[in-house]
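> Need a 3D model of the sequence below.
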Amino acid sequence: MMAALHSLRRAFVHLTAPACSARWSRTQRRVCSTAIPEKQAPNNSMLRHLTSKIKATGPISVAEYMREVLTNPVMGYYVKNDMLGADGDFITSPEISQIFGELLGIWCVSEWMAAGRPKEFQLVEFGPGRGSLASDILRVFSQLRGALGGAALSLHLVEVSPRLSQVQARCLMGDQNWGSSSEDESAYRRGTSTTGLPISWYRRLEDVPRGFSIYLAHEFFDALPIHKFQKTKQGWREMMVDIDLEAPDRLRFVLVPNPTLASSTLTQRDESREHVEVCPEGGALVQKLTGRIVEDGGAALIADYGHDGTETDTFRGFRGHKPHDVLTAPGMADLTADVDFSYLRRTAGDRVACFGPITQREFLQNMGIDVRLQVLLRNNPDASTRAQLIQGFDMLMNPEKMGERFKFFALLAHSRLASPALTEKGQKRAPAPLPVAGFSELKL
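I've put the predicted structure just below:
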């Protein structure tokens, strides 16, 4: 097994790949930029919808506000907008450099090998964006067919946005027919990738078939709705969204004077912070992933902006690559909050092994990004391409950019890490478990 992993690592270093390392010239994600023009004036339909709801039921939680603004089936930001790329509101790592997706592809293959090379290998990605990450991973799978040994590979995408699912289909399937599935199917779209793998689209994890799976969530958890709580002399109180009494066409934050169900159940008695953000949907998803990993095998890799239970107020908005007031022009800007990995670890419990969070810089270094960059530079004589490769590398690794703020966190089955049994003479019956790629140094 260890010899096979070394072969996999050597093959990775010399992968052939398109020389389009920097897919966008503007390589800053959710940061200030004066080069992007403002979008057209916002449509007030979402604001009217929210104010009507508040007038009818009273202030709404920040979680309900985020859920409506981002995923409302008619007016939601993720439903009606193409928010990715240089002309959108933010750029993600797969659009910055092809190396990012290649490294995650190697991580998936490494964990499949460490699990004993199951005959079925499902790759499940949450919130696949434009499909760039999946495209890079499938290219790695295609070039490592020998190492994958004929496993039945398939791609499963969990995506709530019909518009983005079409973008993903064009990226992954090209010009072939990628029409919708029938209404009685769990997947709302099916097709075949340009590399020959079956692809299916779903609106929720529950619809994804059971079986050995590697789950990827890249910049997914930070968009899930959060509740915000403030510690007061009377105990934890929830912060909510209300209509501004002095300007009825604007929204404001208010602190509820009495406990809510959320403030009573989602806060920790020993919490030392004065202000906390809790994402119950993220916790519920981790519990579902934990159950699947325990019962079906596999692993989950979560990559996102986040912290380990140290930050307080991280709720923010982005529009046209600029910071944006979260309560202004709802539905016209991206809303996000840093992931609290300590909360995800608590919800996972002891049923699985948790690794991380570690910084993106550390994870990618452990995966061999420096060596891969040198190979690409050596094989690309074009000065412009080399400059893009270096620029993308700097954006991913620089501590002042994405290198430190972006974190990696993994869920693995305990059986994956179990030490081999000993014979009566004290000899190991099987090789020791492989190190977890990315969370330990990948020596090439």
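
> show me where pLDDT drops low in the chain?
1-43, 81-90, 177-184, 420-432, 442-444 (pLDDT under 70).

> Grab the most central residue of it for me.
H218 (1.9 Å; CA atoms, centre = their mean).

> any idea which helix or strand carries the spatially closest residue to that residue that is not a sequence neighbour?
In space, and not counting its chain neighbours, H218 is closest to A303: 4.7 Å by CB to CB, 6 or more residues apart in numbering. The way it works is simple: take the backbone N, C-alpha and C, and place the C-beta from them, glycine included. A303 belongs to strand 298-307 when assigned by DSSP states H and E.

> List the neighbouring strands of the helix or strand following that strand plus their orientation.
Using DSSP H and E, the helix or strand that follows strand 298-307 in sequence is strand 316-319. As defined by DSSP bridges, the strand partners of strand 316-319 come to strand 322-324 (antiparallel), strand 334-336 (antiparallel).

> Let's have the ones you listed in CSV, adding mean neighbour count and distance to G150.
Supplementary listing: these in CSV, determined by neighbours: other CB atoms under 10 Å; distance: least, CB to CB, whole Å:
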stretch, mean neighbour count, distance to G150
strand 322-324, 16, 49
strand 334-336, 24, 41
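
> Redo these as CSV? Include distance to R378.
Putting the strands paired with strand 316-319 into CSV (distance: least, CB to CB, whole Å) gives the following:
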stretch, distance to R378
strand 322-324, 38
strand 334-336, 37
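
> Could you list everything V241 pairs with in the sheet?
I60, F253.

> Run a quick neighbour tally on E400.
For E400, the count of nearby residues is 8 (other CB atoms under 10 Å).

> How about the one 5 residues further on?
Residues within reach of R405, counting by other CB under 10 Å, total 16.

> That one and Y305 touch, don't they?
Yes - when contacts are counted by CB atoms under 8 Å, R405 is listed as touching Y305 (5.6 Å).

> ok, the residue nearest to the centre of the chain to E404 distance?
As for H218, its distance to E404 is 17 Å (criterion: CB to CB, to the nearest Å).

> next one: P257
Relative to E404, and taking CB to CB, P257 is found at 39 Å.

> for R190, same thing?
Counting by CB to CB - R190 and E404 are separated by 40 Å.

> more crowded one of P257 and E404?
Applying other CB under 10 Å to P257 and E404 shows that E404 carries more neighbours, namely 14 against 8.

> Contact partners for the more buried one?
T359, Q360, R361 (CB atoms under 8 Å, 6 or more residues apart in numbering).

> Switch these over to CSV; also include secondary structure.
Below are the contacts of E404 laid out as CSV (DSSP: H, G, I helix; E, B strand; the rest coil):
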residue, secondary structure
T359, strand
Q360, helix
R361, helix
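
> Drop anything exposed from those.
Among those, those classed as buried by 16 or more other CB atoms under 10 Å are T359, Q360, R361.

> Dump the residues you listed to TSV, plus distance to L70.
What follows is these, written out as TSV (distance: CB to CB, whole Å):
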residue	distance to L70
T359	27
Q360	24
R361	29
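
> Out of those residues, which comes closest to R292?
Nearest to R292 among the buried ones among the contacts of E404, counting by CB to CB, is Q360 at 25.4 Å.

> and that closest one, what does it touch?
Taking CB under 8 Å, 6+ apart, one finds S93, A303, L396, M397, M402, G403, E404, R405, F406, K407, F408 in contact with Q360.

> nearest residue to it other than its sequence neighbours?
Per CB to CB, 6+ apart, closest to Q360 is F406, 3.8 Å.

> separation between the one you found and T92?
Taking CB to CB, one finds F406 at 10 Å from T92.

> and what of E206?
26 Å.

> Neighbour count for the two, which is higher?
T92 (22 against 9).

> Quick check: that one touching G129?
Yes - the criterion here is CB under 8 Å, and T92 meets it with G129 at 5.8 Å.

> Strand partners (parallel or antiparallel) of the strand holding A303?
strand 213-218 (parallel), strand 339-340 (parallel), strand 406-413 (antiparallel).

> Output the longest one as CSV - backbone C-alpha positions only.
Extracted in CSV, the C-alpha atoms of strand 406-413 (Å, rounded to 0.1, in the frame of the first residue of the first chain):
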residue,chain,number,x,y,z
PHE,A,406,-8.4,29.8,4.8
LYS,A,407,-8.6,26.5,6.8
PHE,A,408,-8.9,22.7,6.1
PHE,A,409,-10.8,20.3,8.3
ALA,A,410,-11.4,16.6,7.7
LEU,A,411,-13.7,13.9,9.0
LEU,A,412,-12.4,10.3,8.8
ALA,A,413,-13.7,6.9,9.9
